[in-house]
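J.: have a look; sequence and predicted model below, questions after that.
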Amino acid sequence: MKGFCRILCVLLSLSLLACSQEREKSSLIDKEGLKYAQGDDKPYTGYYVQHYVNKQKKLQNYFKDGVMNGVMTMWYENGQQKSQGQSVNNQQEGLWMGWYENGQKEWEGNHKSGKQHGVYTEWDDQGRKLSDVNYVMGLESGPVVYWYPNGEKKLEVNYKNGLKEGIETQWDTAGILISTKTFKKGRLVN
């Protein structure tokens, strides 16, 4: 019985591999928002892949019934990962991350229904934090902070529904206060 189960598992695995497809960009066409393999009348299900001239993978994502669903990964020509995140029904969902060509993280942020949602953070190519921006369904909402590469705070302001709200403070590269402004619903009040 164990031998039969093993053979069944192997055959099932082989059939799944045979059914999985991988298509290059030129072999998929768009019809009314769905992807189709050229010559097929059913929406495409399988991996979509692009390569650089040197045959290195440039991009890979997965389509189910013509719609992007699954992990999307991009690479630089040297093979270093460039970005990665999840798509659900053609929209970014969950944590997305990007890297510089040297492997240092460049940015990361969460998405909900295709919109930035939560803290979105950026770093320079040496790993120094440059910004933290809070989003609610694609609009800045909450504290937003920017830093100089030397680590000194550059700007701090609060947002509500995509508009500046409250005190905005700016500093120079030495940490000396430059200005303080007050905003109400995106308008400068002082």
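T.: Noted; the coordinates are in hand.

J.: so who does the closest residue to G118 other than its chain neighbours touch?
T.: Once flanking residues are discounted, G118 sits nearest to N110: 3.9 Å by C-beta to C-beta, 6 or more residues apart in numbering. Quick note: C-beta positions are derived from backbone N, CA and C, even for glycine. Neighbour list for N110: 94-96, 116-120 [criterion: C-beta atoms under 8 Å, 6 or more residues apart in numbering].

J.: in stretch 146-166, what's buried?
T.: Neighbour-count burial for stretch 146-166 flags 146-148, 154-160, 164-165 (criterion: 16 or more other C-beta atoms under 10 Å).

J.: do stretch 71-89 as well
T.: For stretch 71-89, burial by neighbour count (16+ other C-beta under 10 Å) applies to 72-76, 82-87.

J.: ok, what's across the strand from the residue nearest to G118?
T.: L95 (DSSP bridges).

J.: next: L59.
T.: Here L59 sits in beta bridges with Q50, M74, going by DSSP bridges.

J.: kindly state the pLDDT recorded for it?
T.: You'll see L59 listed with a pLDDT of 96.

J.: distance check, it against Y52.
T.: For L59, the distance to Y52 equals 10 Å [C-beta to C-beta, to the nearest Å].

J.: pLDDT score assigned to N158?
T.: Note on N158: pLDDT of 97.

J.: which residue, neighbours along the chain excluded, lies closest to it?
T.: Spatially, and ignoring its direct neighbours in sequence, N158 is nearest to G166 (4.3 Å; C-beta to C-beta, 6+ apart).

J.: who's in contact with that neighbour?
T.: Residues in contact with G166 (C-beta under 8 Å, 6+ apart) are 157-158, 182-183.

J.: redo those residues as TSV? Include secondary structure and distance to Q38.
T.: Below are the contacts of G166 laid out as TSV (DSSP: H, G, I helix; E, B strand; the rest coil; distance: C-beta to C-beta, whole Å):
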residue	secondary structure	distance to Q38
V157	strand	50
N158	strand	51
T182	strand	59
F183	strand	53
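
J.: picking up where we left off before, okay, and which of the buried residues of stretch 146-166 map to strands?
T.: Using DSSP state E, the subset of those located in strands is 146-147, 154-160, 164.

J.: between those residues, which is nearest G175?
T.: Closest to G175 out of those is K154 (9.7 Å), distances taken as C-beta to C-beta.

J.: that closest one reaches T169, doesn't it?
T.: No. Using C-beta atoms under 8 Å as the test, K154 is too far from T169 to be in contact (9.7 Å).
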